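Asks: A predicted structure for the sequence below; I have some questions about it.
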Amino acid sequence: MLLKKLTEASGVSGHEREVRNIIIDEIKDYVDDLKVDKLGNLIVFKKGKENPKKLMITAHMDEVGLMVIDIDDKGYIKFTTVGGIDKRILISKPVLIGDKKVPGVIGSKPMHLQKKEERDRAIEIDSLYIDIGVDSKEEALKFVNIGDYISFDSKYTEFGDNLIKAKALDNRVGCSLLIELIKEIEDVSFYGVFTVMEEIGLKGAGPAAYNVDPDICIVLEGTLCYDVPQIDTHLIPTRLNNGPAISLIDRTTIFNKTLREKIAEIARSNGIPYQYRKSSMGGNDSGKIHVTKEGSITATISVPCRNIHSPTSVMSKKDYENTLRLLKAILNEYKKGEFISGIQ
Amino acid sequence: MNIKRGNLLVEFNSKLLKELVTTYGPSGNETNICNYIKEQIKNYVDEITVDNLGNLIARKKGNGKKIMIAAHMDQIGLMITDIDENGFLRFTNIGGVSPFVSLNQHVIFENGVLGIIAMEPMDDISKLKLSNLFIDIGVKNKKEAESLVNIGDVCVYLPHYNENENTVFTSALDDRIGCYVAIETIKNIKNYKNDLYFVFTVQEEVGLRGAKTSAYKINPDICIALDVTGSGDTPKAKTFAVGLHKGTAIKVKDNSILTHPKLRNIMINVAKENNIAYQLEVLEYGGTDSGAVHLTREGVPSGVISIPTRYVHSTTEMVSKKDVLDSIKLLVKLLENDLDI
Amino acid sequence: MDTKEFLKKLCTGYSVSGHEYSIEETIKLGFKKYADNINVDKLGNIIIIKKGQNNISKLKIMIAAHMDEIGLIVKSIEKNGFIKFTNVGGIDPKTIIGQEVIVHGEKPLFGVVVSKPPHLQEASESEKVPKLEDLYIDLGYDSEKLKEYISVGDVITINREFKELKNDKVTGKSLDNKAGIAVMYESLKILNKTKHKADLYFVCTVQEEVGLRGACTSTYSINPDIGIAIDVGFGSTPELPKYETIDLGKGPGITIGGTIHPKLREKMVEVAKEYNIPFQYEVSPSSTGTDADVIQLTREGIPTLCLSIPLRYMHTSVEVVNIKDIENTAKLLAFFIASISENLEGLLCY
């Protein structure tokens, strides 16, 4: 199962190799050109009907995770975070270290021994460590090294009413959508770009956009969803099962109004449910892409994910399917030629 | 209000409940309420005893297992610890008493003396403690006060029984409503199985004490406690699945007990089979007599029938008449069951 | 069955306090080969009896290890199908954030603890720990559908696999106190090949985590001459002071303190030295926080001992123990029991 393969693979920002290889394997027979650039971005081209506006569809391959920074005398492993992780989710979790996926655990001081002030306060990352069971630094070095990347040990699980739990739904869900488009769409010209290091500063996107130089770019993402009962309605960024989320604004982009309204119209006329991403927080590859060279117009379409940036992200299959439908409908319109007249 | 349940017609007996809640009986001073209850039930039971701590034990003889049904007679109160020069009384709590709830309330002593609870002036009222409060019984000096009350006397909130079509509002529903359910069961039950011991316990509010000793004495096979529980249905209430007018509550957990799963399942099945509305209760604090009984000697499988109550331990607690009648019905049907665990 | 295999089976099952019956069959099946009799008492304590040889003075030794684990419990089902929950036993809310869970209803349902995205948090929020009251579990169903499967009162455990780490270490949930049960298992195997005078009562107690409740009633009914509690002790890790912990890999902790009978404890140390079993000292001046506390105070009082298996990250779902420590604790227990052969008066007098 594609999403299972993608989410269980390890691809922490800066070390996307395993994921990239899976993607190459999936799409190599469906593209006319394929290359990996100097940063590790995977850039493919599908040749189809000519179009005055060059289209690029992108999804980042990397996930947030951890990295080994030190090993102490007793063999405990110190680490730092890669990308934005709420340090509170690290406690009491199993992890996998390095390419050999050595199992370890991040424990916690027993509550019985915590002082009163400690109980209500989150533990700082530099007080945490990973235990792989060895008893000395020497032994640890047989299995792990400083600089090894660490990902959460979390299995792809289907549950409830068509829901999926996995790590890295941000952004393997985007990768999965893009892979499916590449395999299924005929006779449309577009560039598919799987970027690296989005989570640590949108690093891969700029150089990739410089290379491709698109007019229009659609960014595919897994985005934040927080729809608990006790929150005021206006503070809910997206809701699960309400369809793909179209971005309005975030920390890095004010999304082109014409493009996003066109997308909404396409959704409506095809009977596809959609929602707006109501939060202005966060950012994605569009931030770098839309200001590269002479600029381009961009839209971000996302699948809502609860518990984003944690080992237990949750998305809805229905939202995934509706997002795929919307993307296909957009490419259909794009194929007709006159997609966007004039840039706002 | 009355509810016809098969051949058991149970009417809501306001008179009985009013008399129960207005009878004096704080923890450690249960004689009055004990005597009142004895009078109510003496013609309906085979044996009545009062033990060393004051527990009232009423037996309806039968063959089979010993079933103990416990409802506590005691209520919270305030014990006078000091009388000052001007006749103002200082006190300590008997059971869980909130200073905020007590502020400006009327209290009454066993001998009928009335007083009101007032506070010392405070800069920051959020820091109010019981030691900032005193009772004013309207006397001119210490001597006059001493002619009316003594150190060691206990007062309770002045009860005012009120009701409307659906609800009852008064102090002391904790746990006179449990006693009410027990008394009504004693009077109305006909086809019970097993050997029933209805125990009206003492000193529950200060540590489940009467339950401990009465259970050791009786050594029952099963125990069912009757007590109040909270409600989660008032504005911005902390999450709690139990509310008024939704039926009797079958307890799963509180701080004193994890109810016996097989007994709990029997209770749920009996409720379902007899169309009795019920709710499941997970309480994050508090305890009942069953907490003490279930750990007695070699252990006693125990369950609790809870009556959902708003504003517990205040001067005006509130229950739904329907929930009370559902509780009686459940207890009756339960005692007509073999209770095979 | 290999003791590690048995331990894995126990950890994979669930036995939240009050629901220990879920692993009753596993325990009975495991122990029956080595026992003369197995009973289950009124609260669910499992009592595994092995008779002694030539037990003229009718000596009784009770060994207790609690079989319950901490967990969560459904307290309400919200309108949108999320559930609110509270704890059973001591739960640090920090260890619940970002977890996957199983709700044990009519059938086991997978779920996820919901957390606020970091992007939406104020700067100060990420320093504070949410209370259990503020967390939700998402089971992926709407409330109508959900009520067909679960109810208020159903228990919840963290979905955690039992895993092997390096150097004889294993990790998983509820090693507190399945490790103790494994010690009793391994010990009973040894005692099947070793002579012992006393009649032995191995008790898998219930509800230790919510107040040492099972130990109360089981001790009352057995009324032993000696009581020995087997539980876990704080394993040393970098941030804990040495004096509060015992080391993994260095054998059981022998407790010293008010709960423990001093002469019996000295005898335990003698046996360890005699058989070259590694051990450490664990100091508990007033209470041990284990079944030993109530065993000691039952009826007229019972001479009590406590052995602790070193365990890291207690009350998280990634606890870690060293299998060798379980084996050594079992050996020490078995040889100690075998050494109790004479009239106890001399041994027990103060």
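Replies: Received, thanks. Numbers count the residues shown, from 1 in each chain, chains lettered A, B, ... in the order given.
Asks: quick one: find the helix or strand in chain B with the lowest mean pLDDT.
Replies: Ranked by mean pLDDT, DSSP states H and E, the weakest helix or strand in chain B is strand B:2-5, scoring a mean of 54.
Asks: what are the boundaries of the helices in the chain?
Replies: Answering for chain A, as no chain was given. Per DSSP state H, chain A carries helices over the ranges A:2-8, A:17-27, A:116-119, A:137-140, A:169-184, A:205-212, A:257-269, A:286-289, A:317-335.
Asks: wait, I meant chain C there
Replies: In chain C, the segments counted as helices under DSSP H are C:3-12, C:24-31, C:143-146, C:175-191, C:213-222, C:262-274, C:292-296, C:323-339, C:345-348.
Asks: where does the chain dip in pLDDT?
Replies: With no chain named, the answer covers chain A. A:338, A:340-344 (pLDDT under 70).
Asks: actually, chain C is the one I wanted.
Replies: In chain C (pLDDT under 70), the answer is C:342-343.
Asks: find the closest residue to chain B in the stretch 201-344 of chain A.
Replies: Nearest to chain B in the stretch 201-344 of chain A, going by C-beta to the nearest C-beta, is A:Gln230, at a distance of 9.2 Å. In this view, the C-beta of every residue, glycine as well, is placed from N, C-alpha and C.
Asks: any chance of the helices of chain A in CSV, plus mean neighbour count and distance to chain C?
Replies: Below are those laid out as CSV (neighbours: other C-beta atoms under 10 Å in any protein chain shown; distance: least, C-beta to the nearest C-beta, whole Å):
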stretch, mean neighbour count, distance to chain C
helix A:2-8, 20, 14
helix A:17-27, 18, 21
helix A:116-119, 10, 7
helix A:137-140, 17, 7
helix A:169-184, 25, 10
helix A:205-212, 22, 18
helix A:257-269, 16, 20
helix A:286-289, 25, 14
helix A:317-335, 19, 10
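Asks: can you list the ones you listed in CSV and add distance to B:Val319?
Replies: Converted to CSV, the helices of chain A look like this (distance: least, C-beta to C-beta, whole Å):
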stretch, distance to B:Val319
helix A:2-8, 52
helix A:17-27, 61
helix A:116-119, 37
helix A:137-140, 63
helix A:169-184, 48
helix A:205-212, 64
helix A:257-269, 53
helix A:286-289, 59
helix A:317-335, 45
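Asks: give the burial count for the residue in the stretch 101-250 of chain A that chain C sits nearest to, as a bare number.
Replies: Nearest residue of the stretch 101-250 of chain A to chain C, counting by C-beta to the nearest C-beta: A:Gly160, 1.6 Å away. Applying other C-beta atoms under 10 Å in any protein chain shown, we find 21 residues neighbouring A:Gly160.
Asks: I figured it hits C:Tyr149, correct?
Replies: No. Using C-beta atoms under 8 Å, A:Gly160 is not in contact with C:Tyr149; the gap is 10.2 Å.
Asks: mutual contacts of the two, please.
Replies: Shared contacts of A:Gly160 and C:Tyr149 (C-beta atoms under 8 Å, 6 or more residues apart in numbering or on different chains): C:109, C:141.
Asks: which element, helix or strand, includes B:Met68?
Replies: Using DSSP states H and E, B:Met68 sits within strand B:66-72.
Asks: can you list the strands that that strand pairs with?
Replies: The strands beside strand B:66-72 in its sheet (DSSP bridges) come out as strand B:195-201 (parallel), strand B:222-229 (parallel).
Asks: possible to save these as JSON lines with distance to C:Gln296 and mean neighbour count?
Replies: Output for the strands paired with strand B:66-72, formatted as JSON lines (distance: least, C-beta to C-beta, whole Å; neighbours: other C-beta atoms under 10 Å in any protein chain shown):
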{"stretch": "strand B:195-201", "distance to C:Gln296": "28", "mean neighbour count": "27"}
{"stretch": "strand B:222-229", "distance to C:Gln296": "26", "mean neighbour count": "26"}
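Asks: nearest to B:Arg209 among those strands would be which one?
Replies: strand B:195-201 (8.2 Å; C-beta to C-beta).
Asks: gap between whatever helix or strand comes next after the closest one and the chain center?
Replies: Next helix or strand after strand B:195-201 toward the C-terminus (DSSP H and E): helix B:209-218. Relative to the chain's own centre, helix B:209-218 is displaced by 17 Å; criterion: C-alpha atoms, centre = their mean, to the nearest Å.
Asks: in helix B:209-218, which residues are buried?
Replies: By neighbour count on 16 or more other C-beta atoms under 10 Å in any protein chain shown, the buried set for helix B:209-218 is B:209-215, B:217-218.
Asks: over to stretch C:227-247?
Replies: Result for stretch C:227-247 [16+ other C-beta under 10 Å]: buried residues C:227-237, C:245-247.
Asks: also stretch B:251-270?
Replies: Neighbour-count burial for stretch B:251-270 flags B:251-254, B:256-261, B:263-264, B:266-268, B:270 (criterion: 16+ other C-beta under 10 Å).
Asks: how about that stretch, does it reach chain C?
Replies: Yes. Residues of stretch B:251-270 contacting chain C under C-beta under 8 Å from any C-beta of the partner chain: B:252-253, B:258-261.
Asks: list just the nearest of those residues to A:Leu66.
Replies: Distance to A:Leu66, by C-beta to C-beta, is smallest for B:Lys253 among these, at 37.6 Å.
Asks: do a quick rundown of the strands in the stretch 151-300 of chain C.
Replies: Assignment of strands within the stretch 151-300 of chain C using DSSP state E, counting those that start in this stretch yields the ranges C:155-158, C:163-164, C:169-172, C:199-205, C:226-234, C:253-256, C:280-283.
Asks: having no further points to raise, I will conclude here.
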